[in-house]
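Structure for the following, please:
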Amino acid sequence: MKVWSAIRRQSVDFIVYLALPLVSVFLPSAWSRALLARSSNLNWVLSAEAEAAWSSACDYVDTGDEKAWKARWKQVEMLDARDLYLMSFGRTRSVLNEIECYTDLEIVRDRVLIGMHWGPSISILKLLQVAGLDPALPYRKPEREILRIRPFFYIFVTLATRHIVKTMGDRAVKIGGAGKRLRAMMDQPGSVIVVMDAPPKAGRPTLNAEVIGKSANFEAGFPNILADNHKEYVFYAINLQAGGLVKKKFELMGPFNSSDAQEFVEQYAAFLDQHLSSDPAQWRIWHVAEQFWG
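Numbers count the residues shown, from 1 in each chain. Purely as a prediction, here's the structure:
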């Protein structure tokens, strides 16, 4: 039984993270979006992952219709994989044309963009680069253990890492001593991107704020850097829009400035709370929710 379960998982990973994205490269954008929308409604596609995300979310938020919630969660995951392949094969413009933005991107020039593990957001770097905003982003190298367990997913993660490094060059900040480099970047031109909703590592100083009615833990390192430098920041999210078009909207809120790390964390927590309350299927890391609110 375990053998068949492993074969099934590898087959689904092959389809989601290799076959469908590659096929999408050769299709018109509208066709590939329709293909992903249909695929997300198939019960066997990412069934284990969607079930784990939905089960975890049920402990914290109102999930509504189970089938629709899971399909939306899968659309986000599959669209991210498809976007990565399109950008890697020279179709960046096709991806960016699908993003609606009603705010002038100049608002983020030389400011910090504060985001979350939200929506089909892998295109954020290209979006900023094309606008001449010189993005920087901390990134983590793929864990080799993933290669043994899920080789096709590992290919996707590796391609995503290469995309980050290729897009940003020396402004790609490898995690592990990233705080020192990020602190130095505060005084340099360019837009720094930071994702704040990952569970803190054991032993790290934390700050707490309420998200969806529960006290959440945030690492204190970056909020302190931001407060010390009095750097202006903007909250952002790339949202999967409602409906069957599978398109995205780039949301910006700000700019803000705060010299108090706790005040910043509470403001960020309110931004995260707003999104988790309204469309929780777009949060990518429900599998670590217990650590985040622990």
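
Look up phi and psi at the nearest residue to residue 215 once chain neighbours are set aside.
Counting by C-beta to C-beta, 6 or more residues apart in numbering, residue 208 is the residue found nearest to residue 215 once chain neighbours are left out, at 5.0 Å. Using the backbone N, CA and C atoms, a C-beta is placed for each residue, glycine as well. In terms of degrees, to the nearest 10, the main-chain angles of residue 208 are phi -120, psi 150.

same check, this time on residue 216
Main-chain torsions, residue 216, degrees, to the nearest 10: phi -110, psi 150.

That one against residue 208, yeah?
Yes. Between residue 216 and residue 208 there is a contact under C-beta atoms under 8 Å: 6.8 Å.

quick one, which of those two is more surrounded?
Per other C-beta atoms under 10 Å, whichever of residue 216 and residue 208 has more neighbours is residue 216, with 23 against 14.

Distance check, the more buried one against residue 104.
For residue 216, the distance to residue 104 equals 32 Å [C-beta to C-beta, to the nearest Å].

Give the other helices and strands that the worst-scoring helix or strand of the chain on mean pLDDT contacts.
Lowest on mean pLDDT, DSSP states H and E among the helices and strands of the chain sits helix 178-185, with a mean of 74. Counting contacts by 3 or more C-beta pairs under 8 Å, 6 or more residues apart in numbering; DSSP states H and E, helix 178-185 packs against strand 135-139, strand 172-174, strand 191-195, helix 221-229.

just so I know, which of these lies nearest residue 201?
Between residue 201 and the helices and strands packed on helix 178-185, the tightest spacing by C-beta to C-beta is seen for helix 221-229, at 9.9 Å.

And that closest one, what's buried?
For helix 221-229, a neighbour-count test (16 or more other C-beta atoms under 10 Å) marks 221, 222, 223, 224, 225, 226, 227 as buried.

Give me the spatial nearest neighbour of the fourth one, chain neighbours excluded.
Spelled out, that is residue 224. residue 261 is the one closest to residue 224 (C-beta to C-beta, 6+ apart), at 5.0 Å.

From the structure, what's the count of residues near the one you found?
Neighbour number of residue 261 under other C-beta under 10 Å is 19.

Correct me if wrong, but residue 132 is in a helix.
No. Looking at residue 132 with DSSP: H, G, I helix; E, B strand; the rest coil, it is coil, so not inside a helix.

That one and residue 267, how far apart?
To residue 267, residue 132 is 28 Å away according to C-beta to C-beta.

Have a look at these two and say which one is more surrounded.
Neighbour tally, residue 132 and residue 267, criterion other C-beta under 10 Å: the higher count belongs to residue 267, 18 against 9.

elements contacting the helix or strand harbouring that one?
Using DSSP states H and E, residue 267 sits within helix 261-278. For helix 261-278, the packing partners by 3+ C-beta pairs under 8 Å, 6+ apart come out as strand 206-211, strand 214-219, helix 221-229, strand 233-240.
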